[in-house]
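Q: One predicted model, sequence on top.
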Amino acid sequence: MTSLTERYLAATLRGIPAKQRPDVDRELRSSIADAIEDRVANGEDRAAAETAVLEELGNPTRLAAGMTGRPVYLIGPELFLAYRYILFLLLGIVVPIVGSSRRSSRSTGAPGSVRHSLPVSVARWPLASTSPSG
Amino acid sequence: MVDDELLGTHRQELRRGTVVLACLLALRAPEYGYALLKRLDLAGIPSDANTIYPLLRRLEERGLLESEWNTDDTRPRKFYRTSPAGSALAAQLMTDMTHLAASLHALNGGDIE
């Protein structure tokens, strides 16, 4: 086991509940070793085999999510329609309020008062949520 | 000529539901993760390690598989075996699968191709 596998294991185990960690660690460790040995037995270079095996296993966070049965999305198909409805509802309410109170604050000469009562980040959050999440 | 990408997507979709059945059937004889992967491959059901390993854990959690650590070998390995509940489920799913294949053949005009 080189540091590459150790790092892969550590990254995977971060996403596993502490109670299951030792068992997942032990099993995944032996599965990775089995796959590497198999490739080496077929004439592959050990380092190349290790890289290939870990690449096949893919993103450790995704693997951990699969092991614990957790989805890798925040808003799934069941929630999406309700999410979209509330998003547009809020956009329809929040944007006009922020827009109008900004205008009125400018005219009454009370700078900053709106920002305190209704944070700008609230009006911006749908934009932030549509940015790529990697 | 079918577009490769299209074929790949639909094939994956078609196979997705059969991986569970394949595991339950194969594991009536106890096996550890990597060996199961090889066995499925040889049986003509190629699967990815990152599909099978999480699946084994989830099936065990639901009581469809049982597991046992074997520490006699060169390295400790977790062996899985289909539980009685898993066997019962596999039998039912296998019947459904056979019916499904027959139905599709019938729809296809009895033409097996």
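A: Alright, I've got the coordinates.
Q: Contact partners for the closest residue to chain A within chain B?
A: In chain B, the residue found nearest to chain A is B:P54; the distance is 3.2 Å by Cβ to the nearest Cβ. (C-beta placed from N, C-alpha, C; glycine too.) Contacts of B:P54 were listed using Cβ atoms under 8 Å, 6 or more residues apart in numbering or on different chains, and they are A:L63, A:G66, A:M67, A:G69.
Q: in the strand or helix carrying B:Q12, what counts as buried?
A: Using DSSP states H and E, B:Q12 sits within helix B:4-26. The neighbour-count check on helix B:4-26 (16 or more other Cβ atoms under 10 Å in any protein chain shown) flags B:V19, B:V20, B:L21, B:A22, B:C23, B:L24, B:L25, B:A26 as buried.
Q: Please export the C-alpha coordinates of that helix as CSV.
A: Taking Å, rounded to 0.1, in the frame of the first residue of the first chain, the C-alpha atoms of helix B:4-26 are listed here in CSV:
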residue,chain,number,x,y,z
ASP,B,4,-23.0,4.0,-29.7
GLU,B,5,-23.7,6.6,-27.1
LEU,B,6,-27.5,6.0,-27.3
LEU,B,7,-26.9,2.2,-27.1
GLY,B,8,-24.7,2.6,-24.1
THR,B,9,-27.2,4.7,-22.2
HIS,B,10,-30.1,2.4,-22.8
ARG,B,11,-28.0,-0.7,-22.1
GLN,B,12,-26.9,0.7,-18.8
GLU,B,13,-30.6,1.5,-18.0
LEU,B,14,-31.6,-2.0,-18.9
ARG,B,15,-28.9,-3.7,-16.9
ARG,B,16,-29.2,-1.5,-13.8
GLY,B,17,-32.1,-3.5,-12.3
THR,B,18,-30.5,-6.8,-13.1
VAL,B,19,-27.2,-6.2,-11.1
VAL,B,20,-29.0,-6.9,-7.8
LEU,B,21,-30.5,-10.1,-9.1
ALA,B,22,-27.1,-11.2,-10.5
CYS,B,23,-25.4,-10.6,-7.2
LEU,B,24,-28.1,-12.5,-5.2
LEU,B,25,-27.9,-15.4,-7.6
ALA,B,26,-24.1,-15.5,-7.7
